[in-house]
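K.L.:
here's my sequence, what's the structure:
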Amino acid sequence: MWSLAEKCEVIPSPPNGELARLLNDWWTMPCHFGCLAARTSPTWLVVAPDPSIWCDSCALERFDAERRCCYCHQPIRRINRSDVLVYELRGQVRLMGRAHASCSERACRG
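P.N.:
Next up, the predicted model:
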């Protein structure tokens, strides 16, 4: 996405200010690797709200286990009613997480 955007001279932006803040905050946090494979992986995956970096397979396991909202960090009780967030940060870093539907709606309203 980033490489295509750079060719078109477009800067991709998150859909709301809250997600933009979340993504921006990630870059300011110290880099922690959640698994050894992530150090040599061509892509890094982050399962929000935890800022740790994971390889593909560990991130999928972590995503299945993570039950906190990206916005409010409270537990999500009904996964089937939650919103799934997937966002690419500068090509090699991908962030994924879940959010309460109400938190997503509130973030979109600004």
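K.L.:
rest of the way, CA atoms for contacts and neighbours
P.N.:
Will do.
K.L.:
which residue is the nearest non-sequential neighbour of the most centrally placed residue in the chain?
P.N.:
The chain has Leu95 as the residue nearest its centroid, 2.6 Å off, counting by Cα atoms, centre = their mean. Nearest residue to Leu95 in three dimensions, chain neighbours excluded: Val46, at 4.6 Å (Cα to Cα, 6 or more residues apart in numbering).
K.L.:
could you confirm the one you found falls within a strand?
P.N.:
Yes: remark: Val46 belongs to a strand, assigned using DSSP: H, G, I helix; E, B strand; the rest coil.
K.L.:
who is it paired with across the strands?
P.N.:
Ile53, Leu95 (DSSP bridges).
K.L.:
measure how buried Thr28 is and give me the count.
P.N.:
8 (other Cα atoms under 10 Å).
K.L.:
the one 5 residues further on too?
P.N.:
Counted with other Cα under 10 Å, the burial measure for Phe33 works out to 16 neighbours.
K.L.:
ok, now which ones touch it?
P.N.:
Contact analysis of Phe33 by Cα atoms under 8 Å, 6 or more residues apart in numbering lists Arg39, Ser52, Ile53, Trp54.
K.L.:
do I have it right that Gln92 meets Ala38?
P.N.:
No: using Cα atoms under 8 Å as the test, Gln92 is too far from Ala38 to be in contact (11.5 Å).
K.L.:
okay, the two: which has more neighbours?
P.N.:
Ala38 (21 against 12).
K.L.:
skipping adjacent residues, who's closest to that one in space?
P.N.:
Using Cα to Cα, 6+ apart, the nearest residue to Ala38 is Cys55, at 4.4 Å.
K.L.:
let me know the pLDDT of that neighbour.
P.N.:
At Cys55, the pLDDT value in this model is 93.
K.L.:
measure it to Ala65 for me?
P.N.:
15 Å (Cα to Cα, to the nearest Å).
K.L.:
and those two? which has more neighbours close in?
P.N.:
Cys55 (21 against 10).
K.L.:
can you give me the helices in the chain?
P.N.:
2-7, 17-28, 56-65, 101-109 (DSSP state H).
K.L.:
thanks a lot, catch you later.
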